[in-house]
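>>> sequence first, predicted coordinates after that:
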Amino acid sequence: MRIHFIAIGGSAMHNMAIALHKKGFEITGSDDVLFEPSVSRLSKYGLFPEKEGWYPEKINADLDAVILGMHARADNPELLRAQELGIKIYSYPEYVYEHSKNKLRVVIGGSHGKTTITSMILHVLKNTGKDFDYMVGAQLAGFDTMVKLTDQAPVIVIEGDEYLSSAIDRRPKFHLYKANIGVISGIAWDHINVFPTFDNYVEQFMLFIDTIQPGGELIYCQTDAVLNNVVRENKSEVKKIPYGLPAYNIKYGITNIITGEKEYQLQVFGEHNLLNMEAARLVCESLGIKQDIFYQQISTFKGAARRLELIGENKNASFFKDFAHSPSKLNATIQAVKAQFPDRKLIACIELHTFSSLNEDFLSEYAHAMDKADIAIVFIDKKTFEQKKMTPYAAETVKNAFSKDDLMFYNDPVALLKYLENIRMENTNLLMMSSGNFGGIDMPDLSKNIINNKF
């Protein structure tokens, strides 16, 4: 098979290209901008494009298919050439479905927790010797790539994003997979640039439930009021399985799951992670893994990349970095750190970086999301507004939206770094949250300065 990837540098795209290369396919690709880690990974397998840009001459009738990434626009010259030649064009979720039509498909959806739930499932399946394919949105310890596609695996576990599939396929990705087992972790408005109203966003989850195949299962979080209402109104005859918080305790800064007489010590913490764990447990149970085996294996799970990642610590201070950027994720992450370390001061800093989070009409969704932080900081790199061609707004607009009068605001990474470097980390945790990079601030270097050198 000869397959060409348009926008090969994307997170899922470059991992899929590698997975199909390992399967023996002949893979080519193009992109106009490539970043790490895709540069190193594609180069390792000889798949890195010779030069950046779009080259219609790469598209010819000898190709079996083209896979189109979300980054490519509808007027992309390679796409137009493929359409002109009548070559089969897939979005990557379409291709994943085509590959897995004869497999049992587990699809993890929801506004938050998708990557972590998927990662937990993969961790347990791998540790119990199961054969499975997968697609997940973060690099995991023990996994070479974020995508695996084989002919023989009977099961595929897919992180099911609700964002659009491609520039020419406006369906949400998770609608295309036709799950046998579907998970919804919760619903909190996101992606305002494509779902302009809350009702429009919620509708995508209603439609997702309807895509679950006859005889299938929906595993859903019953602590989410919006999701509960969606499930209650849904007329699908799939089996609907709710989950909530398991019994647990926190001893000496470590969270333990309690089942009967047994306790299982965890390496992750926070109620949002405990809810994620219950979703993963129910999926694994449907795949034949008993509860005690699940908890034994999940006790060695250290978390998905960029999710409450511990950058540095000493005996009375910790520095965490997290991917949180939406209001629900921000609130859950702050609560998790505060609950795990109730006697420590918490300094929390969020970078608003995505189109939704920067949209002035969406900002009010962040109201009270940082209330549990002792010191709350919002950072917007002034260059981000320029890059995204958005109109900047004043610090007071941000403070009013977050409903927190003492909130601190920075739009210059140099000024933010200067403030952070002067923090006295005594009986204090620092939590930095972003899907971006805080204007290029070196987090490990910052950690060394404030964790090790202050007292």
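Structure received.
>>> quick one, what contacts residue 443?
Residue 443 sits next to 311, 319, 321, 432 when contact means CB atoms under 8 Å, 6 or more residues apart in numbering. C-beta coordinates here come from the backbone N, C-alpha and C atoms, glycine included.
>>> out of these, which is nearest to residue 18?
The closest of the contacts of residue 443 to residue 18 turns out to be residue 321 (CB to CB; 26.0 Å).
>>> how is this structure carved up into domains?
The chain breaks down into these domains under automatic domain parsing: 2-87, 95-298, 309-452.
>>> and those domains as JSON lines, adding mean pLDDT?
Shown next, in JSON lines, are the domains of the chain (pLDDT from 0 to 100):
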{"stretch": "domain 2-87", "mean pLDDT": "96"}
{"stretch": "domain 95-298", "mean pLDDT": "95"}
{"stretch": "domain 309-452", "mean pLDDT": "92"}
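>>> could you look up the SS state of residue 439?
Following DSSP: H, G, I helix; E, B strand; the rest coil, residue 439 is assigned to helix.
>>> and the residue lying closest to residue 111 once chain neighbours are set aside, how close does it get to residue 430?
Among residues not flanking residue 111 along the chain, residue 188 sits closest, at 4.3 Å (CB to CB, 6 or more residues apart in numbering). Residue 188 sits 25 Å away from residue 430 when distances are taken as CB to CB, to the nearest Å.
>>> residue 283 now?
From residue 283 to residue 430 the distance is 34 Å (CB to CB).
>>> hmm, back to that, tell me which of the contacts of residue 443 is nearest to residue 144?
residue 321 (23.5 Å).
>>> please report phi then psi for the closest one.
phi -120, psi 140 (degrees, to the nearest 10).
>>> list the contacts for the residue nearest to the spatial centre of the chain?
Nearest to the geometric centre of the chain sits residue 115, at 4.6 Å (CA atoms, centre = their mean). By CB under 8 Å, 6+ apart, the residues touching residue 115 are 136, 137, 138, 159, 304, 307, 323.
>>> equivalent analysis for residue 234, please.
206, 209, 210, 240.
>>> count of residues packed around the closest residue to residue 353 other than its chain neighbours?
Counting by CB to CB, 6+ apart, residue 353 lies nearest to residue 436, which is 3.7 Å off, once chain neighbours are set aside. Residues lying near residue 436 (other CB atoms under 10 Å) number 16.
>>> wait, a strand at residue 436?
No. Read with three-state DSSP, residue 436 is coil and lies in no strand.
>>> just checking, it touches residue 383?
No. Residue 436 lies out of contact with residue 383 (CB atoms under 8 Å); the separation is 10.6 Å.
>>> confirm for me that residue 405 is in contact with residue 398.
No. Applying CB under 8 Å as the test, residue 405 and residue 398 come out as separate, 11.7 Å apart.
>>> what about the residue nearest to residue 353, distance to residue 119?
The value you get for residue 436 to residue 119, if CB to CB is used, is 21 Å.
>>> likewise for residue 219?
From residue 219 to residue 119 the distance is 16 Å (CB to CB).
>>> which of these two has more neighbours?
residue 119 (30 against 25).
>>> now the element after the helix or strand where the more buried one lies, going C-ward?
In this structure, residue 119 is located in helix 114-127 according to DSSP states H and E. Later in the chain than helix 114-127, the nearest helix or strand by DSSP H and E is strand 133-135.
>>> neighbour count for residue 188 and residue 430, which is higher?
More crowded of residue 188 and residue 430, by other CB under 10 Å: residue 430, with 26 against 21.
>>> so the residue nearest to residue 111: helix, strand or coil?
Going by three-state DSSP: residue 188 is coil.
>>> how about it, what does it touch?
111, 112, 226, 326, 327, 328.
>>> next one: residue 372
Contacts of residue 372 by CB under 8 Å, 6+ apart are 334, 335, 338, 346.
>>> am I right that the first one is in a helix?
The one in question is residue 334. Yes. Applying three-state DSSP, one finds residue 334 inside a helix.
>>> and it, how many residues sit next to it?
The burial count for residue 334: 24, using other CB under 10 Å.
>>> what's the spacing between it and residue 266?
19 Å.
>>> ok, the second one next?
Separation of residue 335 from residue 266 (CB to CB): 17 Å.
>>> who's more crowded, these two?
Remark: of residue 335 and residue 266, residue 266 carries more neighbours, 23 against 18, as counted by other CB under 10 Å.
>>> how near is that one to residue 248?
Residue 266 is 8 Å from residue 248, by CB to CB.
>>> the more surrounded of residue 405 and residue 398?
residue 398 (21 against 7).
>>> so what's that one up against?
352, 363, 378, 380, 407, 409.
>>> cool, residue 187 as well?
Residue 187 touches 110, 111, 201, 202, 205, 224, 226, 227, 230, counting by CB under 8 Å, 6+ apart.
>>> distance check, the nearest residue to the fourth one once chain neighbours are set aside against residue 167.
Yep, that's residue 202 we're talking about. Residue nearest to residue 202 in three dimensions, not counting chain neighbours: residue 187, with 5.9 Å by CB to CB, 6+ apart. Distance, residue 187 to residue 167, by CB to CB: 26 Å.
>>> now for residue 266 and residue 248: what residues contact both?
With CB under 8 Å, 6+ apart as the test, residue 266 and residue 248 both reach 255, 256, 257.
>>> out of these, which is nearest to residue 450?
residue 255 (25.5 Å).
>>> for the closest residue to that closest one other than its chain neighbours, grab phi and psi.
Leaving aside its sequence neighbours, residue 255 sits nearest to residue 269 (CB to CB, 6+ apart; 4.4 Å). Dihedral pair for residue 269: phi -150, psi 170, per degrees, to the nearest 10.
>>> residues touching residue 269, list them.
Counted by CB under 8 Å, 6+ apart, residue 269 has contacts 250, 254, 255, 308, 336, 339, 340.
>>> repeat for residue 78
4, 6, 30, 54, 55, 56, 58, 59, 66, 72.
>>> any of those buried? List them.
Neighbour counting with 16 or more other CB atoms under 10 Å marks 4, 6, 30, 54, 56, 58, 59, 66, 72 as buried within the contacts of residue 78.
>>> could you dump the residues you listed to JSON lines with secondary structure and distance to residue 278?
Formatted as JSON lines, these follow (DSSP: H, G, I helix; E, B strand; the rest coil; distance: CB to CB, whole Å):
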{"residue": "4", "secondary structure": "strand", "distance to residue 278": "41"}
{"residue": "6", "secondary structure": "strand", "distance to residue 278": "39"}
{"residue": "30", "secondary structure": "strand", "distance to residue 278": "42"}
{"residue": "54", "secondary structure": "coil", "distance to residue 278": "45"}
{"residue": "56", "secondary structure": "helix", "distance to residue 278": "50"}
{"residue": "58", "secondary structure": "helix", "distance to residue 278": "47"}
{"residue": "59", "secondary structure": "coil", "distance to residue 278": "47"}
{"residue": "66", "secondary structure": "strand", "distance to residue 278": "40"}
{"residue": "72", "secondary structure": "coil", "distance to residue 278": "38"}
